[in-house]
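Visitor: I need the structure of the sequence given here:
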Amino acid sequence: MIGWIILAAVAALIAVLLIRAAMFKPVKPNYPAHEEIAVDKDAAAQRFAQMVRIPTVSNEDESLVDEAQFEKFRQLLTKMYPNVHQKCMPQYIGTKGILFSWKGKSSAESSVLMAHFDVVPVEEAEWKHPPFCGEIFDGELWGRGTLDTKITIFGTLETAEKLIADGFVPENDIYMAFGGDEEVAGHGAIDIVDYFKKNGITPALVIDEGGAVVQGVFPGVKEPMAVVGIGEKGMMNVSITAKGEGGHASHPVLPSTVGTMCRAVVNCEAHPMPAHITLAFREMTKAVGPYSSFGLKVVFANLWCFGGLLCTLANKLGSEMNAMLRTTFAFTQAKGSLQNNVMANEATAGLNVRMVNNDTAESTRQYIEKCIDNKNVDVKIVMSREASPYSATQGEHWDKLSAAIANTWQGCIVSPYLMIACSDSRNYNGFCKDIYKFSAMALTAEQRGLIHNSNERIPVTEIAKTIEFYTRLVKSL
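Guide: Sure, this is the predicted structure:
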């Protein structure tokens, strides 16, 4: 009798799983009709190239920053966008912030379109073409900043310049906020937020860099996906210091301090933090899961049953998906003795941690200590900021953004996701409710790998698409 009851319960469970999977179908949003936006892609690429040719390289050591190049960039914007500078009252805030204020018919639902014009340093010898050449080869514009994120500044200002010339007035105020020190976690965006607060301006919507139109990142889904960050992982730098007996390398004491530090690193890498089915992952699954194979639909439609399995297999889903589900460890630095024949009294490893909302800086530090389990190793938080709250995945703001994306890259699935890197928009946390992270480009895995890497470049077709996107977006705001 008990056997039959168990069998009936298993059959009922299987039936529930299959029925839920069968009902797990795509929801087709009711987007506005597609409007053609005419853009001369070749002319746009030549204009964008002028921005790329200016090496606005930021550096944590201010003495190494060439301020003349930043001023040259500001002057270029003045020359290229006279309508914007006349209509939108540019203000130079702090040492690196530029804020354009485009007055609309109302100030009730103002928006902020963000980007940064500083770029990371280059190793010129590793580039196939000069890193600031701004030249087109095989249909791609080459240069540092083409992807991160001068393209966003270009698309925003091109749109504003054209619409102002056409006599367009936005429904609500639009602020175009550009920072010149994002790559070094500087004060540009902070200064602009302070300006908003001092002047009683509370934006309803903020859009900054983040996701893009991608393919092949979600299991079983072949369609292109436009992933929009609804939150941002926290970040923490940790110093792991092993202490021991130093001395002359000719009569070594074991275990060496460097060996102790290395074992601490290995222990942390061998024991990643637990994965979580985060809100961002749930929302992504709702949007994208229905396009997967039926077998995967059974899993994604029943996270209540298979969530634990997904967490266990997170590292098998690819590095990007794994990073969406768990707090990650990346050891980036190591230091021992200053001389090869001297055993170190201290050996230190630098660890960069990216935290999901389920973990805090302190709980993560305690986990690291537990992994290392050595009283001779000190774990110290150097700096930290917690993960951001999540923005809405439905409502007016989400709908406007998704419609602009879907009508620009037709046929893509617009989906929430968790941004695993950091952006200037984190400075709006707690000040603005809806903060979305989307870089208006379709990028292959190879192209995404060029960000902060050698040979950064963008297809000329995507330069035009970026202008199309911002034109549709601005008209809806």
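
Visitor: show me what contacts A21?
Guide: Contact analysis of A21 by C-beta atoms under 8 Å, 6 or more residues apart in numbering lists F294, K297, V298, A301, N302. Heads up, the C-betas are built off the backbone N, CA and C, glycines and all.

Visitor: ok but the second one is inside a helix, no?
Guide: Yes. According to DSSP: H, G, I helix; E, B strand; the rest coil, the state of K297 is that of a helix.

Visitor: Among the contacts of A21, which one lies nearest to A406?
Guide: Lowest distance from A406 to the contacts of A21 (C-beta to C-beta) belongs to K297, with 22.3 Å.

Visitor: thought that closest one was touching V288?
Guide: No. Proximity of K297 to V288 does not meet the contact threshold set by C-beta atoms under 8 Å, at 10.9 Å.

Visitor: quick one on the thing from earlier: top of the contacts of A21 by number of neighbours, please.
Guide: Taking other C-beta atoms under 10 Å as the neighbour criterion, A301 ranks highest of the contacts of A21 with 25 neighbours.

Visitor: What is the neighbour count of the residue nearest to that residue when sequence neighbours are not counted?
Guide: Using C-beta to C-beta, 6 or more residues apart in numbering and skipping the chain neighbours, the partner closest in space to A301 is F24 (3.7 Å). Residue neighbour count, defined by other C-beta under 10 Å, stands at 19 for F24.

Visitor: OK, contacts around F469?
Guide: Applying C-beta under 8 Å, 6+ apart to F469 gives the contacts G155, A404, I405, T408, A440.

Visitor: Once you drop chain neighbours, what's closest to the first one?
Guide: Using C-beta to C-beta, 6+ apart and skipping the chain neighbours, the partner closest in space to G155 is T466 (3.7 Å).

Visitor: Confidence-wise, which helix or strand of this protein is lowest on average?
Guide: strand 247-248 (a mean of 72; mean pLDDT, DSSP states H and E).

Visitor: Identify the residues contacting that strand?
Guide: Contacts of strand 247-248 (C-beta under 8 Å, 6+ apart): V253, N341, V342, M343.

Visitor: Taking those, tell me the two that lie furthest apart.
Guide: Farthest apart among those by C-beta to C-beta are V253 and N341. That separation is 14.2 Å.

Visitor: May I have the secondary structure class of C311?
Guide: C311 is classified as helix under three-state DSSP.

Visitor: one step back: distance-wise, check the residue nearest to A301 relative to G411.
Guide: Using C-beta to C-beta, to the nearest Å, F24 is found at 20 Å from G411.

Visitor: And for V474?
Guide: Taking C-beta to C-beta as the measure, V474 falls 23 Å from G411.

Visitor: Equivalent analysis for A165, please.
Guide: Distance, A165 to G411, using C-beta to C-beta: 31 Å.

Visitor: Restricted to buried residues, select the contacts of F469 in PyMOL.
Guide: To isolate the buried subset of these in PyMOL, counting by 16 or more other C-beta atoms under 10 Å, use the following:
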select buried, resi 155+404+405+408+440
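
Visitor: Save the contacts of F469 as TSV, and put in distance to A15 too.
Guide: Shown next, in TSV, are the contacts of F469 (distance: C-beta to C-beta, whole Å):
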residue	distance to A15
G155	50
A404	41
I405	38
T408	42
A440	44
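
Visitor: Now for A22, how many residues are close by?
Guide: A22: 12 neighbours (other C-beta under 10 Å).

Visitor: and if you look at E362?
Guide: 12.

Visitor: And for H187?
Guide: Applying other C-beta under 10 Å, we find 18 residues neighbouring H187.

Visitor: got the contact list for it?
Guide: G94, T95, K96, G97, D181.

Visitor: Is the third one in contact with G188, as I believe?
Guide: It refers to K96. Yes. The criterion here is C-beta under 8 Å, and K96 meets it with G188 at 4.0 Å.

Visitor: list residues touching both of these two?
Guide: Residues touching both K96 and G188 (C-beta under 8 Å, 6+ apart) are G179, G180, D181.
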